[in-house]
Structures are given as structure tokens and as C-alpha cells.
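[1] Can you look at this prediction? I've put the sequence above it.
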Amino acid sequence: MTLAAQFQIEYLQYLGPDGKAVTELPQAFRDAAALVPLFKQMLYVRTFDAKAIALQRTGKLGTYASCLGHEATHVGIGASMTPEDVFAPSYREYGAQFMRGVKPREVLMYWGGDERGNDFSGPKHDYPWCVPIATQCLHAAGAALAFKLRGEKRVAVTCCGDGGSSKTDTYAAINSAGAYKLPFIQCIINNGWAISVPRNSQTGAQTLAQKGIAGGLHCLQVDGNDLIAVLEGMRRAVARAHNGEGGSVIEFMTYRLHDHTTADDARRYRDEAEVKDAWTRDPIPRLRTYLTAAGAWNEAQENAWIEESAKLVDVEINAYLELKVQPVTAMFDFLYADPPPDLLAQRAAAIALEGKAHG
Amino acid sequence: MTLAAQFQIEYLQYLGPDGKAVTELPQAFRDAAALVPLFKQMLYVRTFDAKAIALQRTGKLGTYASCLGHEATHVGIGASMTPEDVFAPSYREYGAQFMRGVKPREVLMYWGGDERGNDFSGPKHDYPWCVPIATQCLHAAGAALAFKLRGEKRVAVTCCGDGGSSKTDTYAAINSAGAYKLPFIQCIINNGWAISVPRNSQTGAQTLAQKGIAGGLHCLQVDGNDLIAVLEGMRRAVARAHNGEGGSVIEFMTYRLHDHTTADDARRYRDEAEVKDAWTRDPIPRLRTYLTAAGAWNEAQENAWIEESAKLVDVEINAYLELKVQPVTAMFDFLYADPPPDLLAQRAAAIALEGKAHG
Amino acid sequence: MADAPAITLIEAITQALAYEMRADETVLVLGEDVGVNGGVFRATAGLQATFGAQRVLDTPLDETTIAGLTVGLASQGMKPVAEAQFDGFVYPMVDHIICHAARFRYRTRGRLTCPMVLRVPWGGGIRAPEHHSEANESIFTNVPGLRVVLPSSPARAYGLLLAAIRDPDPVIFMEPKRIYRQYKEVVPDDGEALPLDVCFVLRDGTDLTLVTWGAQVKECLEAADALAKDGISAEVIDVATLRPLDFATIAESVSKTGRCVIVHEAPKTAGFGAEIAARLAEESMFDLVAPVERVTGYDTHIPLFRLEMKYLPSVDKIVAAAKRAVAHA
Amino acid sequence: MADAPAITLIEAITQALAYEMRADETVLVLGEDVGVNGGVFRATAGLQATFGAQRVLDTPLDETTIAGLTVGLASQGMKPVAEAQFDGFVYPMVDHIICHAARFRYRTRGRLTCPMVLRVPWGGGIRAPEHHSEANESIFTNVPGLRVVLPSSPARAYGLLLAAIRDPDPVIFMEPKRIYRQYKEVVPDDGEALPLDVCFVLRDGTDLTLVTWGAQVKECLEAADALAKDGISAEVIDVATLRPLDFATIAESVSKTGRCVIVHEAPKTAGFGAEIAARLAEESMFDLVAPVERVTGYDTHIPLFRLEMKYLPSVDKIVAAAKRAVAHA
Ligand SMILES: Cc1ncc(C[n+]2csc(CCOP(=O)(O)OP(=O)(O)O)c2C)c(N)n1
Ligand SMILES: Cc1ncc(C[n+]2csc(CCOP(=O)(O)OP(=O)(O)O)c2C)c(N)n1
Ligand SMILES: [Mg+2]
Ligand SMILES: [Mg+2]
């Protein structure tokens, strides 16, 4: 048998669900103390998430997409990037975004129906949340192309879900990253579900990592509930990008512990037993156990931080709740740099109507 | 190292460019005599192609897409299908289509600017030529889905080019064929060029066959200038489809010996040396040598057939040339089963204008 | 039948789907989350349980896939009813709809056809996230070979959807999601389709014609009530099928009233209201005593939900336009 | 400059691209076959040789890819000029254009913008295969945040393309391919842009206004000549930028002539001509002495080339409509 090609996809896992190392830790991440800030970030995100859901339940927020269970993946991705890199998220990677400077209040503004959330405090070149599934992947590829053409040492990192891996845009991004050998990382965050559609209904592919083979990219599958595996997977992909070796696809295996969004009710389509089982792989206790065993973390620290992060989040929530609705002119003022006269006339009419409504 | 997955893609070649077997022939295609009708078909197609180009050059045809060099692939695909199967071609697979009953005059009608070419004499369920690259692949997947839902033992076969393998529709077809385990065969006819863009600029993927890995399909790379390899590759894919094993992607390695279409001038972007070299792999002499050595074919037969096929093609050309332009009503009459009154009014106006123009 | 319970517009959609799936075994439903989950709006709730996973198919998450498979199914003897989860996700479907669904009959001289329906939850006003509130019917209204339908009540949703599924050509069926659950009415499950080529005159009037479709029908009827209090008699027309347009009904009304205000949710410029105004300018000019007016979404994107109601046409805006029209004698 | 050789419309496109690539190093060109091959219409001929493969990029064969990469490049400091090889292949780009290019500034309150141009060889009449002859501007004309430009002469192609590239927002630039090589004129390579928000009055007249764009400008000018022989004085307006529409120029003309015939190649129903007619019905009704008329493509697909000229507006059709208008006193 003559072979035209053959491929292997590596799987990375360092910490098992019980928080014990299953293999030698990667060189770069052996210092447990160095992981503590990331663990704190994971706790912070979880606190934020719970409070955001509560806000929605009490009518103070629109539809909200929870990140419960994704903390190791999101934080690990965020920790692997520099400010100069470009991040193109989908709509729930707050953990990564907070590390880049986006404020919780901005997340809330966005889901609270206010465009100003997208004008966030993170890197000005980062992409906002992206609702049309996986379209952001191609924007990241375009950004990576800009970096390459300008000779900049920057990486474009984008995320989509297991559902998003079916989207043609994801393939287009992967293929163009391969064609142009771009500094591009496609993170496929496989949380098992795309709303009600389970991972196995999306594709006949045995892994989602292998989507990258179609574009000749480096492919990796990673335990997305193991922060160390996430960091190591990202480290390798970033190194490849920096070395001019081109793009990577990383599949992060995690689980969506919440409903798809607050507008969804997962009990309609998902077995409670599966969710229960998934909780046994929760990334937070796993890392806590590991850090505690390594002497880098303890219960007192955790309690203190939980309390502090609740306060920090509350500050953000209050800032959000105090936000005034944009004036009606806001829907006209950011459409064109140079708005045409007819649009200005409509703007004037809208102002006049406001006057009437209020006067 | 833990592996998440691994893949191998087989390469099929039985006859070398010199027409000698490079390995044991596959069981199903050892009878040289049985290949003679297919060889005659290849010669016929080549005759047709040359005459069609001549028609275009003399102003009697619009833009025409030549199939020069693709004869083994096209005829091999056509020979592997039954009438009940569905074929969704791109725009140059005449060899396959003739075997399904499409008439050369119909090809000429289409490229001659007359929709009636699409109402062809081939299977009524086959798809017409498809200009928007690779969109036909998804129609074939949809057809395969219909077969599966109805429990019919039919296969949907579609073709795209090396360029077309970059198209998101191709990925969508592959992925859905995998997700639903469809009786679907994606033929990627890699002729080295997509107009002026060489294969290596399309993608970083080492083979085009591996596009199938992204959807979990069976992948195969085949020497597309070796009729036996084409037949064997198709045979395996059809068997899989019939056995409920799902879809396949086959990359056929061939070469576009002509310009992209008669509207193109490949000398602008392509090295003559490369074309010269490609002629050494021409599928026709290769099969001729093999059949002759096997005692199944000789020069006299060839000369007689060349003469006869020229006559057969001329009959078709004459039928095409005698074709009258459709009446102006033709642009209204096939739009809706039940045309709306405003459209009928426009139709009446168009007829009135005709009357004026002629009277 | 008279005892049928009153149902909402979304329930009428489900009822029509179920009716036609029972009546015609080639009808099938496909889309994201349409199976066990019954669709994010519950339009297909219960259908998979009733008709099985062979008739109600969840698709991979890709709209190009949905559109392409639908064209493939329709051209091979099935009658697929595809769902776009939201209006804002319809764009990746446009290529297959325009280049293929709308052309198969034409291209092949009737050899292959494309009897399909694309259901699109449409429009704003439900406080949804970005891209969930678009009134983008004009993407389709200039496309020959399509029908574009937009019901505005449970009964019309039922009857028009049945007609859409039975139609031998592709139909884009846009559903005003703001009124999915706005009110209920009794809709007998009698399989009676409504015609796909007529406008519905919902209220007779003599002074002015309000022409609209979709969710704005309600605002127009309310505006007519308000105008009546001021002694102004407004005729209200629900266009319902935008393509092909039944202009005759509109022209007849305007020949009587002499005034026309067109109301729609999409941005004004080159929205479908322009076509109606254009037909008036061509064919009813001498009937008009007042300039035509359009009350529409502004020529900007519908904003996120805090401002969206200020974007949409309102009863006040309609009444004001009507009064401007009536000021012309 | 006066000695510059006369050039065709397509050469004017190339000249504008080269000018702006020299002037602004962030400008780059991408598309299928735009590199060594110089584009299937030769619009980018020689550019890769002059500016290198880093500035003139062949893309993989996928329009979604082209559109998405273009949005990515534009939002990260580049000024991409993307080419759709033909009008019929623009549909897979629509999602990224509408959901992202047209919205980045709006969505992010100005943080990210999308200064890009999408060049689209547009329209019929060149005896091309299927999907190579579409007048599909209405896909974009209802979309807030876009500019839609359609030049009709070498000089306007040059000036408007420069303006399009320099514009800080996304511009859809549709090029009437039927007149790519129809005639030559001297177009000084002086880098002078033309305004993106005005109609061009190409011929003054008093009896009637012919409003058109793209390839039909020529037919309208010829019709005006023919009408002049019958003593009818037609004003001819090239709309040039459809979105935003300079309606003021049209209104001013119609206030003088009292009659308007709109000519375009796209199908009539919900084509952009409807918007112009609608504005007339809203704002110029009392100026009109005759009904507005549209001379357009029929409401069917442009046929394959044997019949295509019968589909398109012709001088005869325009003259006939003009005479009907003038019959109204
Ligand atoms: C183009 C498009 N189609 C449909 C939707 C509706 N939708 C929002 S999220 C979602 C599922 C996404 O699943 P996945 O990609 O796995 O990401 P996850 O939400 O699980 O993180 C769907 C179908 C959308 N936002 N965009
Ligand atoms: C969607 C789309 N984009 C662009 C084109 C123009 N076009 C026609 S053929 C072609 C190249 C196709 O190359 P390939 O897929 O390798 O097939 P080949 O012509 O070599 O058989 C291109 C770009 C098209 N027909 N459709
Ligand atoms: Mg998911
Ligand atoms: Mg090719």
C-alpha cells in the first residue's frame, strides 16, 4: 500500500480530574506558585458568571451566555497572549478577555443591550463579541495576514465552539491560515453541545482537532479542564507562530455546565446524569487540589479571594446598573465617519420625536 | 505521547505513465477487453473537446471549458455510476456525462448561450453544469440525504477542482456527509490549476484528499490519469456507500492540458515546460499502450474509431448549429410553475416589442 | 373545529407544519436545534417526537450547509422546510437561494425544480442580542424565481405556510417574531391554505391607505383606531406576500383614498416600501392627492435592545404621517 | 498630463489602483487570479509586478474567505481592495459585508472600523456564461453602513475608485463590465478623487429627466440624442453613487422637467429604481406632470447570452417610455 499522507494528533493532559499529575509536567509550567494568579482569575470569572446569571434572572440583564465550566480554557488562552496579539472571541470567553483588560461592566453592557460594551478597555485592536457563529475566525485570519504582511511578531487567536467547527467560516480561516502560513491559532472549544445539538451530531470527525488537517495546520487536542494542558498547548502554538511555522488548531475538551444561554433550558434536551458526570471534571477543584498539594494555595487564601472578588465584581455590576441609556442619536452617530445628509435628517427627526415624547 | 487520532491516506496507481503495470492490478479491472469501451469513450471525448474549441475559435460557441487531459478521470467516474445514482458535475466533466446519456449537442447548447442544454438527455435527476464553484457539492450531499432518508440504494457523486476544494461549500458537503453518514462521493479533480492559481497556493494541505478527514470521511488519492486507478478508487467508494459506511473523498491527480477556458490564456501565468512535462502523463497513450500490449486494441481499430467518432461528433455539432434561438417568451416561461400576473404582463410587453422589431 | 383552542402565531406555524407533514410524507423539517429542542422559538416543538428523526433533522451548525442540503433535497423529490434560526443568520444561505433555488426551474427548463420553504424568524422588538432582530426581506425581494411571504396573524401564518409548502417553487417565509406570542386566535386545523399572491385588506377606510406587513400590522391597526377618533378613516392593508406583489389591491384602495402611508420595519432606503411607492408613482399618480409617505426603520442598523423600540415604526409615527397626508385635500 | 493617452474604463480602474497603492502603502489588492494573471478582466494587470506579492494577493478560491480576510485586514490597519471575480459570485461575501464590514464602526462605537473596497465586475451584455451577468446591486442598497458606487465612464471610474479607497467606511464598487472597453477617454493620473455622494448631470434638458447608472448611461445618452431629433429635450443623470443617494440633484431636475424615466439593468421589482421613484412620490409629487416610469430588466433572471440583449433596457425601450411621459402635458 502506497501512502499519500499520514497524520497524528497528540492529546495533552497533565492534571487528571483528581488534581494529580498524570505525567511529567511541561518544563514551562512546573512552578505551581506561578499558576496562582491564573487560578485566582478562574475563581473570579466564576464569581462574575454567577452574578451575571443572577442579574439576568432578576430582569437586569438581557440574554447572557454563561462560561461556567470553561474557566481553565478561557483563562489559559488569555494567559498565553500578549497585548499586541489580537483576540477574536465568540461570546463567552470572558476569562480570556478579563486578562486582556476588558472590564466585567463591559460584558454586562453588551448583554444589557448597549453597544458601548464593545468599545471596551481591552486592547483596542481586539475584536468584540461575535454573534454570527465562527465569522470571527476569518477576521482573525485576516488580522494574522496583516501581521505577516507587515512583518510584525504578533499572533491572532480566535475561538469557536464545537458547533462552530462545522461552520464554513472556520474551514475558510483554517485553510487560508495554511495557504499563507499565518501566525494564527484556531481554538475549538468543545464543550459538548451547540445549544441542543451534541458534539457527535455536528460531524463524523473523530476529533475536532483534525479540522486543521484540511488546511495543513498543526493540530492538537487538549484537556480543556486542565489549565496546565491548556497553557502548554497554547505555548506550542504560539511558538510555532513566532517561528514562522504557521497556524495551529487546538481542540479544548471541556463541558458547558450551564444552559446554552439564559434564554435556553438544557433540561429539554440534555441528560442530568451527563451534567453530573461533567462536574467531576470541573477545572477549578482540579487545579485547587494541585496547588494546595504543592503548597501554593490554601483555604484561607481561597476564602479571602472569593470574598474580595465578589466585591470587585459588585463594583462592576454597580457601574453597569448606573449606566444611562444612550441618547437616540447614538444609533446614527457611529454608522459612517462622514454621515450622509439624509441620515442626518433622520437623526434630526428622531431628536425632534424625543423632544415631543419628553416634552 | 498520547495520541488523540491518527490517519493514513492511500495512493492508488496501477498503470505508470509508460502504460505498464506498476503493481498487481485490482481484481475487478483485470480484463483489458472490458476497458476498451472506456478507452473509446476517452478518445471520443477528446475528439469532441477539440471540435468544441474550434467552434469557439470560429465564433460559433461562447466561452467553453475544455476537458483536455481529464479523460481518464471523467470517464472512470462516469463508468462507476448507475443511472439511478445522481451526478453533480462542475462544468467540464463531459466524459462522465456522455456515459450517463448527456448529448454533446447539449454541452454545446449550454456553452452556446441556450438554457435548453441543461434540459439534457442524461438522467433527469442529474444536476446541470454548475458555475458557482463547488455549490453543487452540497446539492449532491442533499441528494444523498434524500436517498438515505428514503432508504434508496443510490449514490450521489460530485466533482470539484483543486480550486474548488478551498470553497467552503465543499467543506460543508464533506462535513454533512460525515455527520449523516451519507452515500456520497466527493471527487476532487486536482488538475494543478484554478485558472491562474496553482494548487499549492490554494491550501497548506499536503494532499487534497485529506480535506475529507475534517468530516471523518474515507480519503483516497488516486492517479487520475490512470483509468484503472480511477475505477478502483471509485469502486471502493461506491462499495462503502452501498454498505452504509458513508462518504468518501477522492483526490484525482491529473492536469489541465488546455487553458482554463477559451476565455483564458494560460501562457500568462504558466510555464510551458510544466505543460510539456504533463503531456508525458497523458492518460490516453498510457491506456492505449496497456490495451495494445494486452492485445485488446490496435492501430487499425483506433484509426477507425477516431474517424467514426469524428463523424458522430459532427452530427452533434450540426444539430447544435441548426438550433433556433428560443423565443423571447423563454425567459419568462420557466421561472415559476405558476407565473404571477405582473410577470405575464412583462411577457406580453416583450412579445409586443418583438412584433415591433420584426414587423 | 369551532371548538379548536385559540393559538398563537408560533403555534399556528407548528400546526401547519404538522398538518402538512401528515398530509405529505415528502415534507421534512431541518435546521439547527429543530429536533429534540423543538427550535429556539418552539416552532417545531413535538414534531420530532411525532414524525421521527427522519422527518425532523438537526443540522450541523452552518447555514450554508442548511441551504445547500435543502436545495439538494428539494431537487430530488423532497419538500424541505428549512429553518434559519434568526434573520441575522440568513446571509450565508443567500448564495444557494439566489443562485440555485430561484433558478433550478429556469436553468433546466423545468427539468429540476426546487419546492422548498425557508422559514426565517424575522424582525426586532424582542430584546434579543445582536443579529437577532433584522428586517432583511429586501435581500430577497429583487430576486426572480422566489416568493417572499410575511404573515401577520395566527390564521394567516397557518394558511400561508400551508400554501408555501405546497407551492412548487421556493418560498422565503419570514415570521414576525415580535408577535409570535402576542395574541391568540382560533385557527381551525383544516388544511385550508391561503393564496400566496394577494394582499389582505384588514380594515376598510376612505381617507387614507396604510400599507404594511409583519409585526407592524398591529401598529397600523392601532393607528387606524387612533385616527378614527379624529374622524380619519384609514384602510389597512397587510401585504403578506411581498413577492409577487398584489399591487392591484393597493392601487384599488388608493384610487379610493387618494393617500398612502407605507409602514415597514426595515431601513427606509431601498426597503420594500420603495417598490410599493414606486408602483404608486407609476400607476396611481393621478389618484394621489397627497405625497406618498414611508414610516420605516431608520437608515441605520437596528440598535441593541435598549434603543430598539425607538428605531421601530410606532403608532405615533404612523398617526403623524397619516395626518400629514390627510392635511392634503 | 494633457498628453496622457486615452484609456478605457478598465484601464482607469488599474490606474486608480496603482495611484493609490503608490500613495498609501496600507492599500493592498486581493482576490482570485489578481496576481500574475492580473485578474480575469485585467483590472490588476501589472500591479503584482510593480508592487510585489505582498501587496497583490491571490486568494484561495472561496469568496467567504476573501470577504472575511478583507474585513480582518481592514479592521487591523490595512486598506484592502478585494475583487469579486464576477457579480454572480458576490453572494457568499454578503454575510461578512452586512454583518461585519457595515457594522464594525457602529458596533464598537468607532473603536474598530472597516475601510475596504469590494470591486465587483457587474452586469450583462458580454456574452458570458451563467452567473457572469448579474445586476445585483440591490443586495447591498438596503444595508446601512455601506456605500454603493457604480461608475459609468473611465474618468468617473478613476475618480470614484480613488474616493472609495480613501473613504473610511466600506464601499461596494460595482463596475459595468459591458463598458470596460467600450471607449477611451483621457483620464489624467492626478490622484483627484470624485465625490462619493453626488449624482452627475451628464446632459441638460427641459422636458424629461432620464435617471440611470452603470452601463445604461450610454443607452440613455443615445436615447436623449434620438429624442432631441424629435424635439424632446432630455436631461440625463448618472446616479453613480446609489447609497447614499443624492436625491437633491434628481429632485431639482424633475422640478424643472416634470417627468422622470428611471433606467436600470436589474429586475424591476424592488430594484434600486424603486427607491428613486419612491422618493419622487414622496418629495416631488407636485412637480410631476407624468407618471414616473421604470425601464429595467424584466422580473426574471437575465437569460444566457443568446437572449440577453432582449432582457436589457435598450435605446428603443427608453425612447418609447420617454415619449409616453412627454405625452402627458
Ligand atoms: C450563524 C449563526 N447561526 C446560528 C446562531 C445561533 N446560535 C448561537 S450559539 C449557537 C450554538 C453554538 O454552539 P458552539 O459553537 O458549540 O458554541 P457554544 O455556545 O457551545 O460555546 C447557535 C446555533 C448564531 N449565533 N449564528
Ligand atoms: C464562486 C465562484 N467564484 C469564482 C468563479 C470563477 N471561476 C471559474 S472556474 C475557476 C477556477 C476553478 O478551478 P478548479 O476548482 O481547480 O477547477 P478547474 O477549472 O481547474 O477544473 C474560477 C475561479 C466561479 N465560477 N465561482
Ligand atoms: Mg459548544
Ligand atoms: Mg483545477
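    Cool, the structure landed. Ligands and ions are numbered 1, 2, ... in the order given.

[2] In the chain, mark out all the helices, start to finish.
    Using chain A here. A:32-57, A:71-79, A:94-99, A:104-111, A:135-150, A:168-179, A:199-202, A:227-242, A:272-279, A:283-293, A:299-322, A:330-333, A:341-358 (DSSP state H).

[3] actually chain C
    So, for chain C - with DSSP H - the helices run C:9-23, C:47-51, C:63-74, C:94-96, C:104-107, C:138-141, C:154-166, C:216-229, C:247-257, C:272-283, C:308-311, C:315-327.

[4] How about the contacts made by the nearest residue to C:Phe200 once chain neighbours are set aside?
    Nearest residue to C:Phe200, sequence neighbours excluded (CB to CB, 6 or more residues apart in numbering or on different chains): C:Asp238, at 4.5 Å. The way it works is simple: take the backbone N, C-alpha and C, and place the C-beta from them, glycine included. Neighbour list for C:Asp238: C:152, C:156, C:199-200, C:202, C:212-213, C:217 [criterion: CB atoms under 8 Å, 6 or more residues apart in numbering or on different chains].

[5] can you name the two of those that are farthest apart?
    The span of these, defined through CB to CB, is set by C:Arg156 and C:Thr212 at 13.1 Å.

[6] So C:Asp197 versus C:Thr241, what's the distance?
    Between C:Asp197 and C:Thr241 the distance is 6 Å, computed by CB to CB, to the nearest Å.

[7] Also C:Tyr91?
    Relative to C:Thr241, and taking CB to CB, C:Tyr91 is found at 22 Å.

[8] Quick one: residues contacting the residue nearest to A:His70 when sequence neighbours are not counted.
    Distances taken as CB to CB, 6+ apart put A:Thr254 closest to A:His70, at 5.5 Å, once the chain neighbours are dropped. When contacts are counted by CB under 8 Å, 6+ apart, A:Thr254 touches A:69-70, A:72-73, A:189-192, A:224-225, A:283.

[9] ok, which stretches of the stretch 51-200 of chain C are strands?
    Secondary structure of the stretch 51-200 of chain C (DSSP state E, counting those that start in this stretch): strands at C:56-58, C:79-83, C:117-122, C:147-149, C:171-176, C:185-186, C:200-203.

[10] Packing partners of the shortest one?
    Translated: strand C:185-186. With contacts taken as 3 or more CB pairs under 8 Å, 6 or more residues apart in numbering or on different chains; DSSP states H and E, strand C:185-186 sits against strand C:6-7.

[11] Summarise which helices and strands the strand it packs on is packed against.
    Strand C:6-7 is packed against strand C:185-186, with contacts defined by 3+ CB pairs under 8 Å, 6+ apart.

[12] who does the strand it packs on pair up with?
    strand C:6-7 (antiparallel) (DSSP bridges).

[13] For the residue nearest to C:Phe200, name its beta-bridge partners.
    C:Phe200, C:Thr212.

[14] So for it, what's the pLDDT?
    Confidence at C:Asp238, expressed as pLDDT, is 98.

[15] swap in the one 4 residues further on?
    As predicted, C:Leu242 sits at a pLDDT of 98.

[16] ok, now how distant is it from C:Trp213?
    Counting by CB to CB - C:Leu242 and C:Trp213 are separated by 7 Å.

[17] Can you pull the domain assignment for chain C?
    C:6-186, C:200-327 (automatic domain parsing).

[18] Out of these, which is closest to D:Asn37?
    Between the domains of chain C, domain C:6-186 lies closest to D:Asn37; by CB to CB that is 24.1 Å.

[19] is ligand 3 contacted by that closest one?
    No: contact of domain C:6-186 with ligand 3 (CB under 5 Å from the ion) is absent, the minimum separation being 8.8 Å.

[20] Endpoints of that domain, how far apart?
    In domain C:6-186, first residue to last residue: 4 Å (CA to CA, to the nearest Å).

[21] Model confidence at C:Pro5, what's the number?
    The per-residue pLDDT of C:Pro5 was computed as 92.

[22] and if you look at C:Val292?
    pLDDT at C:Val292 comes out at 98.

[23] Nearest the middle, which residue of chain A would you pick?
    For chain A, the residue sitting closest to the mean C-alpha position, by CA atoms, centre = their mean, is A:Glu93 at 2.4 Å.

[24] dump the residue contacts of C:Phe41.
    C:10, C:121, C:177, C:180.

[25] residues contacting the second one?
    With contacts taken as CB under 8 Å, 6+ apart, C:Pro121 has the following neighbours: C:41, C:43, C:84-87, C:174-175, C:177, C:180.

[26] now do the first one
    By CB under 8 Å, 6+ apart, C:Ile10 lies in contact with C:41-43, C:175, C:180-181.

[27] try 7 Å this time
    By CB atoms under 7 Å, 6 or more residues apart in numbering or on different chains, the contact list for C:Ile10 reads C:41-43, C:180-181.

[28] Of those - the most surrounded one?
    C:Ala43 (27 neighbours; other CB atoms under 10 Å in any protein chain shown).

[29] Could you find the closest non-adjacent residue to that one?
    That would be C:Ile13: by CB to CB, 6+ apart, it lies 4.8 Å from C:Ala43.

[30] Pull out the buried residues from the contacts of C:Asp238.
    C:152, C:156, C:199-200, C:202, C:212-213, C:217 (16 or more other CB atoms under 10 Å in any protein chain shown).

[31] C:Val289 contacts C:Ala325, correct?
    No: in this structure, C:Val289 is not within contact of C:Ala325 by CB atoms under 7 Å, at 8.6 Å.
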